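> Attaching a predicted model along with its sequence, questions to come.
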Amino acid sequence: MDILGRRTLLKGLGSTSVAAAAASDPALLEAARVPAGPESGQASIFAGSFGVIADGRTDAAGALQSAIDYALNGHGAPVVKLPAGEILLNSPVIVRGDATVRGDHNQIIIEGCGSGKNGSWLNFSDGSLIVSTPNHILRDFRVSSRRGNGIEIRSDKASSEFPTRGMMENIRAEYCGKSGITIEDSWVYSIVNCFARFNRHAGLEGRQGARTGLACNAISIFGGEFQGNGSKAASGPGTGAGIITGRCVQFTMIGGAVEGNLGDGVVLSEQLRGFAFTSVYFEKNGTHELNCDVTTDTQTDGQPHAANAPNSGLLANCNFTPQDNGGKPQQRAVDVLNVQDFRVINPQIFAQSKPVFYAKEPFRIRETQAGRCSGWVEGGYRSSVRYDQNIVCNETARYGFPRQHRICPEANAERGGGFHRTFCIPLPPDAGNRVEVKTLTRKSANSRKSAIEFAARFGPAEANWMKASEELESTDDLRPIVSERRFEAGSAQTKPGYVEVQVRLPENDNLQLMSVEILTYEAQVS
């Protein structure tokens, strides 16, 4: 019997029959295990030859595990081809990280016949596809899990191996009892044109791993869709999300859509160092008015974390469309707390045809550490309707583009009365509530020790003057002296409209005020 005949014979055999056939004809099994894979264009291992039957009724977990182990242990090419159809799996399937494979690549490719209706479908009644091998590619199949996560990318608990360079392409992870895809203890991971939909917790969930303390060093997503994930709460915001970033050094998404999730669209986790979303479409996320398209992590009591928020973030050329929750429209597109160096560039805002608008300012930036947040919203945003409210709700000290106001009074202190002047600087409604004052003074030679006094108040909300002073040391030359002071409004939600800054020189006929620089923060730059 030639090799094609052997392959044809084994296609209809289960794993027990395969073993029996191999006992009488060992060449039969070996030839079938390493067939020429015309679909992939390279030598591959056909999982059907190990008894994987895609009839939706026969448990194929053991047979698929055998095919994967065979590939990992260096037999044939490290490519496992899945048959088309529904592959029922009643227990987890593990792609171990401690296998001994040819060379030092430690790699495997698991490839299906497509992720659509007529493709390959890994349907777990219980358990997940667990992938720990350092270098792997998953592509062209669908996965579901009735009670668990669809795909788990994580370190091998039995060894020191962990996923270092992995990717998935054209994968559908949907209808899972937990999350569609989870990533923990990984290093660099790419997700290309994948769909994570209708999972009860999250489409993609980053988890803090015990080995590294990270979900992943760097996750990059290109295209794809994260839709319909999460659960509707009996009351309050929906839970779960389209994406939960987890703790990453860098999380990047380019293109794709985050839409129609029952919880939030994207949850930015604690201690995420940097994130960037470019040309991503956020649409109709949440089942409650407090759900957002992009928000920061929350504690178990639903309150935002007060510390360890992302260090830097970017939303560039992204689109936002609000959800209408039974007449209570989504309040905001973005609501982040304590995010440092956060920039929003050219946001595009659309309304539903009713029309439905965001109920409040689409972007809110908050902080519990005064001065933690920085950055601004820039570019002339476009919308399908005209919003009457401001685009930014700024509840921070210095989130906004630094605006420098330079004044050169060149005023001398007058004998007997000193000198003081008040400067009034207008502030837009979305400005930060911090003002920084810098003065340049000069003292004549052999002048005595004196002090310069500062005062500021945010009016009309801040009625009282905030005061500070700085002593100016005696000097024997005419070099300029720089003095700086910082003032913040008493409430993070103050919308003053203007700030008054006062500079006072004491009685001293040898002191000269050369210039004043007042720095304010304007959240939106058009």
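That came through fine.

> show me what contacts Ile109?
Pro78, Val79, Val80, His136, Ile137, Leu138, Arg139 (CB atoms under 8 Å, 6 or more residues apart in numbering). C-beta coordinates here come from the backbone N, C-alpha and C atoms, glycine included.

> Following the chain past the helix or strand harbouring the third one, name the next helix or strand.
For Val80, the element it lies in under DSSP states H and E is strand 79-81. Sequence-wise, the next helix or strand downstream of strand 79-81 (DSSP H and E) is strand 85-89.

> Direction included, what does the next helix or strand after that next one pair against?
If you walk from strand 85-89 toward the C-terminus, the next helix or strand you reach (DSSP H and E) is strand 93-95. Strand 93-95 has its sheet partners listed here by DSSP bridges as strand 129-131 (parallel).

> How far does the partner strand sit from its chain's centre?
In terms of CA atoms, centre = their mean, to the nearest Å, the centre of strand 129-131 is found 23 Å from the chain centre.

> again, but for stretch 328-342
Centroid separation for stretch 328-342 versus its chain: 13 Å, with CA atoms, centre = their mean.

> Then stretch 328-343?
12 Å.

> Which parts of the stretch 1-150 of the chain are strands?
Using DSSP state E, counting those that start in this stretch, the strands of the stretch 1-150 of the chain run over 36-37, 42-43, 45-46, 55-59, 79-81, 85-89, 93-95, 107-111, 120-124, 129-131, 135-145.

> out of these, nearest to Arg372?
strand 129-131 (37.2 Å; CB to CB).

> show me where pLDDT drops low in the stretch 1-150 of the chain?
Applying pLDDT under 70 to the stretch 1-150 of the chain flags residues 1-42, 75-77, 98-106.

> Could you do the stretch 301-450 of the chain as well?
If you take pLDDT under 70 as the line, the stretch 301-450 of the chain has these spans: 301-307, 380-389, 410-419, 444-449.

> ok, now with 90
301-309, 325-327, 348-357, 368-371, 379-391, 407-422, 428-430, 433, 440-450 (pLDDT under 90).

> circling back: put together TSV for the strands of the stretch 1-150 of the chain, with distance to Ala316 on each row.
Compiled in TSV, these are given as follows (distance: least, CB to CB, whole Å):
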stretch	distance to Ala316
strand 36-37	41
strand 42-43	38
strand 45-46	43
strand 55-59	44
strand 79-81	37
strand 85-89	40
strand 93-95	35
strand 107-111	33
strand 120-124	36
strand 129-131	31
strand 135-145	28
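
> and of the ones you listed, who's closest to Gln404?
strand 135-145 (51.3 Å).

> CA atoms only: put that closest one into PDB for me.
What follows is strand 135-145 as a C-alpha-only set of coordinates in PDB (Å, rounded to 0.1, in the frame of the first residue of the first chain):
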ATOM      1  CA  ASN A 135       7.600  30.200  20.100                       C
ATOM      2  CA  HIS A 136       4.200  29.400  18.700                       C
ATOM      3  CA  ILE A 137       1.700  30.400  16.000                       C
ATOM      4  CA  LEU A 138      -2.100  29.800  16.200                       C
ATOM      5  CA  ARG A 139      -4.100  30.500  13.100                       C
ATOM      6  CA  ASP A 140      -7.200  29.900  11.100                       C
ATOM      7  CA  PHE A 141      -9.600  28.200  13.600                       C
ATOM      8  CA  ARG A 142     -12.400  29.000  16.000                       C
ATOM      9  CA  VAL A 143     -12.500  28.100  19.700                       C
ATOM     10  CA  SER A 144     -15.200  28.100  22.400                       C
ATOM     11  CA  SER A 145     -15.400  26.900  26.000                       C
END
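
> List the buried residues in it.
For strand 135-145, the neighbour count (16 or more other CB atoms under 10 Å) marks Asn135, His136, Ile137, Leu138, Arg139, Asp140, Phe141, Arg142, Val143, Ser144, Ser145 as buried.

> Bridge partners for the third one, pull those for me.
Applying DSSP bridges to Ile137 gives these bridge partners: Ile109, Met167.

> For Met167, see how far away it is.
6 Å (CB to CB, to the nearest Å).

> And the fifth one, by the same measure?
In this structure, Arg139 and Met167 are separated by 8 Å, where distance is defined by CB to CB.

> repeat for Asn149
18 Å.

> Which one's more surrounded, those two?
Asn149 (27 against 19; other CB atoms under 10 Å).

> For that one, give me its contacts.
Contacts of Asn149 by CB under 8 Å, 6+ apart are Ser128, Cys176, Lys178, Ser179, Gly180, Ile181, Thr182, Glu205.

> how many other residues sit next to the closest residue in space to the last one that isn't next to it in sequence?
So the one you mean is Glu205. Sequence neighbours aside, Ser179 is the residue nearest to Glu205 in space, at 4.1 Å (criterion: CB to CB, 6 or more residues apart in numbering). Counted with other CB under 10 Å, residues neighbouring Ser179 total 30.

> quick one: Ser179 is in a strand?
No. Looking at Ser179 with DSSP: H, G, I helix; E, B strand; the rest coil, it is coil, so not inside a strand.

> so it touches Phe198, yeah?
No. Counting by CB atoms under 8 Å, Ser179 stays clear of Phe198, with 11.5 Å between them.

> Now list whatever residues contact both of these two.
Asn229.

> and Ser128, what does it touch?
Pro92, Val93, Ser145, Gly148, Asn149, Gly150, Ile151, Glu152.

> I meant Ser231, not that one.
So Ser231 contacts Arg200, His201, Gly238, Thr239, Gly240, Leu262, Gly263 (CB under 8 Å, 6+ apart).
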